[in-house]
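In: Using only what follows, build the 3D model:
(4 chains, ligands or ions: 4)
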Protein chains: 4
Amino acid sequence: AEAVNLAEIEALGRARLDRNALEYYASGANDGHTLRANREDLATLRLRPRMLVDVSHIDTSAEVLGLPLDFPVGIAPSAFHGLAHADAERATARAAAAAGSVMTLSTFSNTPIEEVGQAAAGRLWFQLYLLRDRELSRAVIARAEASGARALVFTVDAPYLGRREANERHHFALPPHLSAPHVVSRAELAQVETDTGSQLTHYFQNLVDKAFTWNDLGWLRAQTRLPIVLKGILTAEDAELAVQHGCHVWVSNHGGRQLDTAVSAVAALPEVADAVAGRAEVYLDGGVTRGTDVLKAVALGARAVFLGRAALWGLAAGGEAGVRQTLELLRAEVRLALALSGKQNLRQVGRDLLMR
Amino acid sequence: AEAVNLAEIEALGRARLDRNALEYYASGANDGHTLRANREDLATLRLRPRMLVDVSHIDTSAEVLGLPLDFPVGIAPSAFHGLAHADAERATARAAAAAGSVMTLSTFSNTPIEEVGQAAAGRLWFQLYLLRDRELSRAVIARAEASGARALVFTVDAPYLGRREANERHHFALPPHLSAPHVVSRAELAQVETDTGSQLTHYFQNLVDKAFTWNDLGWLRAQTRLPIVLKGILTAEDAELAVQHGCHVWVSNHGGRQLDTAVSAVAALPEVADAVAGRAEVYLDGGVTRGTDVLKAVALGARAVFLGRAALWGLAAGGEAGVRQTLELLRAEVRLALALSGKQNLRQVGRDLLMR
Amino acid sequence: AEAVNLAEIEALGRARLDRNALEYYASGANDGHTLRANREDLATLRLRPRMLVDVSHIDTSAEVLGLPLDFPVGIAPSAFHGLAHADAERATARAAAAAGSVMTLSTFSNTPIEEVGQAAAGRLWFQLYLLRDRELSRAVIARAEASGARALVFTVDAPYLGRREANERHHFALPPHLSAPHVVSRAELAQVETDTGSQLTHYFQNLVDKAFTWNDLGWLRAQTRLPIVLKGILTAEDAELAVQHGCHVWVSNHGGRQLDTAVSAVAALPEVADAVAGRAEVYLDGGVTRGTDVLKAVALGARAVFLGRAALWGLAAGGEAGVRQTLELLRAEVRLALALSGKQNLRQVGRDLLMR
Amino acid sequence: AEAVNLAEIEALGRARLDRNALEYYASGANDGHTLRANREDLATLRLRPRMLVDVSHIDTSAEVLGLPLDFPVGIAPSAFHGLAHADAERATARAAAAAGSVMTLSTFSNTPIEEVGQAAAGRLWFQLYLLRDRELSRAVIARAEASGARALVFTVDAPYLGRREANERHHFALPPHLSAPHVVSRAELAQVETDTGSQLTHYFQNLVDKAFTWNDLGWLRAQTRLPIVLKGILTAEDAELAVQHGCHVWVSNHGGRQLDTAVSAVAALPEVADAVAGRAEVYLDGGVTRGTDVLKAVALGARAVFLGRAALWGLAAGGEAGVRQTLELLRAEVRLALALSGKQNLRQVGRDLLMR
Ligand SMILES: Cc1cc2nc3c(=O)[nH]c(=O)nc-3n(C[C@H](O)[C@H](O)[C@H](O)COP(=O)(O)O)c2cc1C
Ligand SMILES: Cc1cc2nc3c(=O)[nH]c(=O)nc-3n(C[C@H](O)[C@H](O)[C@H](O)COP(=O)(O)O)c2cc1C
Ligand SMILES: Cc1cc2nc3c(=O)[nH]c(=O)nc-3n(C[C@H](O)[C@H](O)[C@H](O)COP(=O)(O)O)c2cc1C
Ligand SMILES: Cc1cc2nc3c(=O)[nH]c(=O)nc-3n(C[C@H](O)[C@H](O)[C@H](O)COP(=O)(O)O)c2cc1C
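Out: Ligands and ions are numbered 1, 2, ... in the order given. Presented below is the predicted three-dimensional model:
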């Protein structure tokens, strides 16, 4: 039977995963307050639809950093797609390309960016963790550019890994056939402690630069001609700083995986959008699973939203076809939500679409 | 045993239906947020009853577009009463007439309006979906007028059908013995795809005019001398436009079946009533199952409310008698609620009946 | 084992009752929204206790209409104590007297007021339903005065009986050994319809005067020298009228048994107390089961609170001793709550004891 | 398996206790509203983390009354650690010392303060119940000073013991091998009524001075050179008085064990901190189990927070090592929460870290 919504794809995807992978994908930090708030705060917003608008032609198209999208949804960066499917990040990239979306490849990809770049057919962004080893960072950036990435998504909310307690409890580790080719060889990885806690926590601890500040953004700027998006912004203050440093703003709390009880993404969006005031592009991720979620984010100032777990469930459920189905379902929901809201396109979606 | 409230009739009605019919009647769009909010937002409002008023005679009567009602409750249009009972829309119409109510017949009736008109004894409104085929629309309107309909209820919230996922999943379809005689022959219907998704979705998709706007209301105005009620208004902006175009306003989100997470009907009512400011009649449907619900809607500016599913449960539970019992129970509840609120009639019900 | 709180006494009392009696005592009107709100709105209020006050001597005493109470808690009028215990209203009255409380005897007592007056030892109020038969009303009032009642509690929220659906469904009726001697003989009662709905509803319907208004209060005033308390006031408007007519004000929604979704008693109290502004005495009932509930009501302007069901559970659990234990437990809770709030007596309890 | 959070330690600790001890540790007063509100109100607050701060070095250190702490968490005073572990208060003190924390020893310690003082290695405060017997109070204070206590924590919210109903129901009593050496001999204790209610309630009733007021603070001041902390302040009014009397302020509702439905600790903190306005130190206890709880309290004006039950669960789960693990886990959480909030130390934590 065809899945009728993303919740059904999630159920199918979960059923395919072993505990190690499932807990890695599903978990939020600590008690999961922010994880749940991401979804609940989106669902709770109430729409004010308008009637008797000509909605015979609905245009769901959007544009992010000059790249046209068939609808305002991209794939958020997530590590280790190989846990979900043998085709790993290649499958996700192909699905994103086919759906006219954009894939953000994680630094912790199981697949080298060169291969993913081919699959993505130009619809690729690259997510960067700033590594202590600046040479390695530089090399990774260069590979991303060479592979066709059109933006550098610099994740700023993870100087340390948040504490996903199920992963600590059950010693999450990459299975032997997988590695993280951008940052570590399989041989090095085999050295990382797995007897206590999560292997990823141990490894991440040493890898990532915790001292990088706004002042260091100049260095990053100098390494690349790509636009830089700061992923993980949750306050007006940081949004203002981002704009001042010439960066775009991705509102996110990392899917509730970093600081538990941090504000939900959608609750942070209005102050961020107000602070940015059109001077840069604003995106959001966190809890998006419905076409109406997309509209709400757009109404509050986001140019596009990104799917974290939703894409992973699709990948686990059916590889490339599963991600594709996820995106198609959501595109259809966005179109219908626009039509039933009396909007012909996303430019007509503003704050008056929301109650209060 | 006699049912003591509408919830008991609902239970009886549900027990009589097969899955195809039950899912069609019960479902809301997507996750059902708006479906539930309709009821919860009504139940949550708190009444401020007055005491020591002479309530020996309670007058529950109301008037809608000049038609006197025994109490301010009508039947909302719903498709396919034949799924509930062999007497279908005739039974509902007879019950409405007997109870001094008014029935709104759906474009998607299983029974021709001519027959329903006879059963309704003058207590009939007709609900119109504007069809792509203007000639067909015109013909349907003409038949409605000829059959004694006293108002044209133009449903404006359904250019596309909302996504009731249970219907998609289980391929809702009309059983072979039923048709929708106003818009399609049984032969045509047999052609409609039923292998994927809901047959109604497929059919509706092609039938209804999605390009109809405020500017086209002039055309509709020219087709009929009947008063026009716009059903599905949820904002002050659209209420203002409705009044400017000489229409009455029916606040509704289609029972939570169209845009999920749209504002609940009762939450939208105050801004609509304020915008209309007495220049047109205002009605509400969505979640009404108690006499106090009726009073709350009246207190916030509705002249009458309409029953969607409640009438269908009554029909399923007992045909004409079941609908009649539903209406009688509710009439008794309205009367008691008025008396216990210290109101002799509906004209005395204002916003000061509500807390806050 | 000794009960440690009123919830335990309730459990014991419930276990002693048959369905007919239990449903009569426990039920609220319709869906029970107001029934639950009475308790929840009390429990939700947050206290701001003060420290380092000399609380070595706590004075819980109060005074209602000149009658000193050991603590600010009386018994609300409730019908048919004979359903709970063979000693019926005599037991309740004795317990109230022993505890330095006051009992309000219902018009629908199973025991003649003359007997209850003896048991109450001066601690008696009488609750009046104004009957269609004015002569009967007058006779009842005269008997109340002669039996030592010190106030007339005129219940104004019940021109009709609220719809307690369990009672309707299961045809609540007085068992043959019980009657309501103030208003009906056992022979008459036997005539009352019990085949459909609640016997009480049928009987009440004809008995009570539904036309009595503020203007008729003069008549009542003329019948008695007793102070008159209007029971069932929920708005500032009616509180103002009560004061203008020389009456005291009992804030109540009849324990959620009349108009469902009416405002909770404690939510109505502030506006009533503000309107009365000290010109009359203000009481409250509805949901009181904890010493802190009592303090909250006093903080918001009540001079005393009254127990409805709590007394009935005590009576069912153990007759006079059960009611006594209920009152003693609550008195101990009030004393402790005062001490832990840093208050030596009730005069020190004001709105600053409550958060917000 | 290692516990990954305090909730797991709680589960382990609870499993080790018999009913008498478990109910004593776990219970709140009456219905537990305040007990739950302490946790819920902390969890509900939403953080606004800042990004791109150099968090390579996180300084969790704090200082309370001149004593440096490794992190802003101390142990709240709780009676009878002997119920949890044979090493009783010595174990707790050693763990606090080892973790660079501070232990507050209860007047109702099972271990003489002289022994605990040795174990605490200077990291000791003493909690005082003001006893009716002033000489005994004086002696206890003198012993505390001589044993190295660096502050006197005067508990002001317990002139009477709150009603923990499970303890009353099951007649909580100290087992024969335990006593409360600061205030009573084992022989005296054996005299205390245990046939009804809680032994502690009976004993406490006679022991503690209920007449002590702000005016008597001069007497206490004269008995000691130690700083005095008033534990149990919940209002701005009392905070102002505390400062005027030269005392520090510990915001607490005794873990929800005294006045049920009292305001939660964290809800009271802002008004207290505003009233104190930096003129004294402010602490908080109640419901702290997460690093983010600590940050929230600091953001709202607390200099440190204290653990009540969390320390007891650790002690029950593993004696000194268990308490140590509790503190270490929480220290790690505080460090991570600071880093992920973009704060290098506690001085950078202000109200702008909280939403709204
Ligand atoms: C399993 C998993 C791995 C992730 N890995 C990364 C990552 O490597 N880099 C990154 O910036 N964000 C990562 N994220 C966060 C996502 O980019 C995104 O912010 C988040 O998943 C959005 O929330 P959602 O899952 O509710 O859609 C990861 C999220 C998940 C669930
Ligand atoms: C089974 C069903 C069929 C419906 N069909 C129609 C329809 O044909 N035309 C229309 O305008 N509204 C239709 N509605 C919406 C109702 O007119 C009404 O707005 C809604 O049911 C009110 O909510 P309630 O069911 O909570 O009372 C339908 C509703 C249901 C439940
Ligand atoms: C079983 C029952 C019978 C009652 N009978 C009467 C009555 O005869 N007259 C009256 O004024 N109120 C009557 N009441 C209402 C009570 O006086 C009171 O308002 C209510 O019980 C208070 O709420 P509580 O039960 O939550 O304390 C009755 C209530 C109950 C539960
Ligand atoms: C079992 C137990 C015993 C306690 N004994 C005392 C005590 O002797 N003196 C005191 O001031 N507070 C006492 N408290 C209160 C604690 O100091 C503290 O205020 C409270 O436990 C904080 O809440 P928490 O348990 O949620 O952390 C006790 C608390 C508990 C749970």
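In: pretty sure A:Arg138 contacts A:Gln223?
Out: Yes. Look at A:Arg138 against A:Gln223 with CB atoms under 8 Å: they come within range, at 5.7 Å. For glycine as for every other residue, the C-beta is placed from the backbone atoms N, C-alpha and C.
In: residues near the closest residue to A:His57 other than its chain neighbours, how many?
Out: Counting by CB to CB, 6 or more residues apart in numbering or on different chains, A:His57 lies nearest to A:Gln344, which is 6.9 Å off, once chain neighbours are set aside. When counting by other CB atoms under 10 Å in any protein chain shown, one arrives at 16 neighbours for A:Gln344.
In: for A:Asp87, same thing?
Out: 19.
In: tell me the contacts of the closest residue to it other than its chain neighbours?
Out: Excluding its sequence neighbours, the residue lying closest to A:Asp87 (CB to CB, 6+ apart) is A:Gly319, at 5.2 Å. A:Gly319 is in contact with A:85-87, A:91, counting by CB atoms under 8 Å, 6 or more residues apart in numbering or on different chains.
In: now with 7 Å?
Out: A:Gly319 is in contact with A:85, A:87, A:91, counting by CB atoms under 7 Å, 6 or more residues apart in numbering or on different chains.
In: Please apply the same query to A:Leu259.
Out: Neighbouring residues of A:Leu259 by CB under 7 Å, 6+ apart: A:29, A:162, A:253, D:47, D:49, D:337, D:340-341.
In: residues making contact with the helix or strand harbouring A:Leu12?
Out: Per DSSP states H and E: A:Leu12 is located in helix A:6-16. Under the criterion CB under 7 Å, 6+ apart, residues A:3, A:22, A:289, A:310, A:312-314, A:316-317, A:322, A:325-326, A:329-330 lie in contact with helix A:6-16.
In: Pull out the buried residues from that helix.
Out: Buried residues in helix A:6-16, counting neighbours by 16 or more other CB atoms under 10 Å in any protein chain shown, are found at A:6, A:8-10, A:12-14, A:16.
In: Which members of the contacts of A:Leu259 occur in helices, if any?
Out: Among the contacts of A:Leu259, the members found in helices (DSSP state H) are D:337, D:340-341.
In: circling back to that earlier point, quick check: the residue nearest to A:His57 vs ligand 3, distance?
Out: From A:Gln344 across to ligand 3, the span is 55 Å (CB to the nearest ligand atom, to the nearest Å).
In: Could you pull up phi and psi at that residue?
Out: Dihedral angles of A:Gln344 (phi, psi; degrees, to the nearest 10) stand at phi -90, psi -20.
In: and whatever residue of the stretch 151-300 of chain A ends up closest to chain B, how far is that from D:Phe108?
Out: Using CB to the nearest CB, the single residue of the stretch 151-300 of chain A nearest to chain B is A:Thr292, 5.0 Å away. Using CB to CB, to the nearest Å, A:Thr292 is found at 57 Å from D:Phe108.
In: And whatever residue of the stretch 251-356 of chain A ends up closest to ligand 4, what's its pLDDT?
Out: Ligand 4 sits closest to A:Thr261 of the stretch 251-356 of chain A, with a gap of 17.3 Å, by CB to the nearest ligand atom. If you check A:Thr261, the pLDDT there is 98.
In: Wait, it touches D:Leu47, no?
Out: Yes. Between A:Thr261 and D:Leu47 there is a contact at 5.5 Å, judged by CB atoms under 7 Å.
In: Among those two, which residue is more densely surrounded?
Out: Neighbour count, other CB under 10 Å: between A:Thr261 and D:Leu47, A:Thr261 has more, with 27 against 24.
In: residue contacts, that one?
Out: A:33-34, D:43, D:45-47, D:292.
In: Then A:Leu161?
Out: By CB under 7 Å, 6+ apart, A:Leu161 lies in contact with A:200-201, A:204.
In: Could you pull up phi and psi at it?
Out: In terms of degrees, to the nearest 10, the main-chain angles of A:Leu161 are phi -80, psi 140.
In: re the thing from before, restricted to helices, list the contacts of A:Thr261.
Out: Counted as lying in helices by DSSP H, out of these, are A:33-34, D:43, D:292.
In: Farthest pair within those?
Out: Spatial extent of these (CB to CB) is set by the pair A:Thr34 and D:Ala43 at 10.8 Å.
In: And the two? Which one has more around it.
Out: It is A:Thr34, of A:Thr34 and D:Ala43, that has more neighbours when counted by other CB under 10 Å, with 30 against 19.
In: Which residue comes closest to that one once chain neighbours are left out?
Out: Using CB to CB, 6+ apart, the nearest residue to A:Thr34 is A:Gly256, at 3.8 Å.
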